[in-house]
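Novice: when you get a sec, could you give me coordinates for this:
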Amino acid sequence: MKGIKKILLLILVVFVIAQFFKPEQNIGDLTSIEPFLEETNPPENVRLILKESCYDCHSSHTNYPWYSNITPVNYFMADHVNDGKKHFNFSKWNAYSLKKKDHKIEELIEMVEAKEMPLESYTWMHANAKLSDADIASIKEWAEHLRIKFTLMPQPE
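Specialist: Numbering: from 1, shown residues only. Predicted coordinates for the structure are as follows:
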């Protein structure tokens, strides 16, 4: 019994010490999304869907819930955010070429239609981020119109 108590105490000490080590948070300027919004001009309902379901992991600004201050949860979240931004970052929209923008929107349609985004692990704690069939239809309609717009834009030489 003494051995179990020592092990539990050691685990508790390690857990407490771990709280002093945290990954860098993704707290950039939310206005970094403005170029994306200006160019793509999503309708208000799609803007709200993107805000609730996408920006935390796919922009330079994440709204962190209280539990994100607990190690190891904060490392799990940091990994998800960094991975999400690697695939599509609304804050880096202006850095994408027209071809890449079109491809990112195409991927957005595919991921949302397949219900692969937002991640289930995200919607567990953010129920309002879960997409309804109507939300998916709205995103798809807007994104398909956007892709048509991209094909009509002059290609840089």
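Novice: can we go C-alpha only for contacts and neighbour counts from here?
Specialist: Noted.
Novice: so what's M117 up against?
Specialist: For M117, the contacting residues are M111, by C-alpha atoms under 8 Å, 6 or more residues apart in numbering.
Novice: and the gap between it and F150?
Specialist: 23 Å (C-alpha to C-alpha, to the nearest Å).
Novice: got it, and V13?
Specialist: Distance, V13 to F150, by C-alpha to C-alpha: 56 Å.
Novice: and the most centrally placed residue in the chain, what helix or strand is that in?
Specialist: Closest residue to the average C-alpha location of the chain: C57 at 1.9 Å, with C-alpha atoms, centre = their mean. In the assignment (DSSP states H and E), C57 maps to helix 55-58.
Novice: what is the subsequent helix or strand relative to that helix?
Specialist: helix 73-87.
Novice: name the helices or strands packed onto that following helix?
Specialist: Other elements packing on helix 73-87 under the criterion 3 or more C-alpha pairs under 8 Å, 6 or more residues apart in numbering; DSSP states H and E are helix 55-58.
Novice: what are the contacting residues of the helix it packs on?
Specialist: Helix 55-58 is contacted from outside by 61-63, 80-82, 84-85, 87-91, using C-alpha under 8 Å, 6+ apart.
Novice: do that again at 10 Å, thanks
Specialist: 26-27, 30, 33, 49-51, 61-64, 77-92, 118-119, 122 (C-alpha atoms under 10 Å, 6 or more residues apart in numbering).
Novice: that helix: how far from the chain's middle?
Specialist: Centre-to-centre, helix 55-58 and its host chain are 2 Å apart (C-alpha atoms, centre = their mean, to the nearest Å).
Novice: CA atoms of that helix as PDB?
Specialist: The C-alpha coordinates for helix 55-58 follow below in PDB (Å, rounded to 0.1, in the frame of the first residue of the first chain):
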ATOM      1  CA  TYR A  55     -11.300  30.100 -37.000                       C
ATOM      2  CA  ASP A  56     -10.000  28.600 -33.700                       C
ATOM      3  CA  CYS A  57      -7.900  26.100 -35.600                       C
ATOM      4  CA  HIS A  58      -7.500  27.700 -39.000                       C
END
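Novice: give me the mean pLDDT for that helix.
Specialist: Averaging pLDDT along helix 55-58 yields 88.
Novice: list the buried ones in it?
Specialist: Y55, D56, C57, H58 (16 or more other C-alpha atoms under 10 Å).
Novice: what's the answer for stretch 127-138, then?
Specialist: Under the neighbour-count criterion of 16+ other C-alpha under 10 Å, stretch 127-138 has A129, K130, L131, D135, I136, S138 buried.
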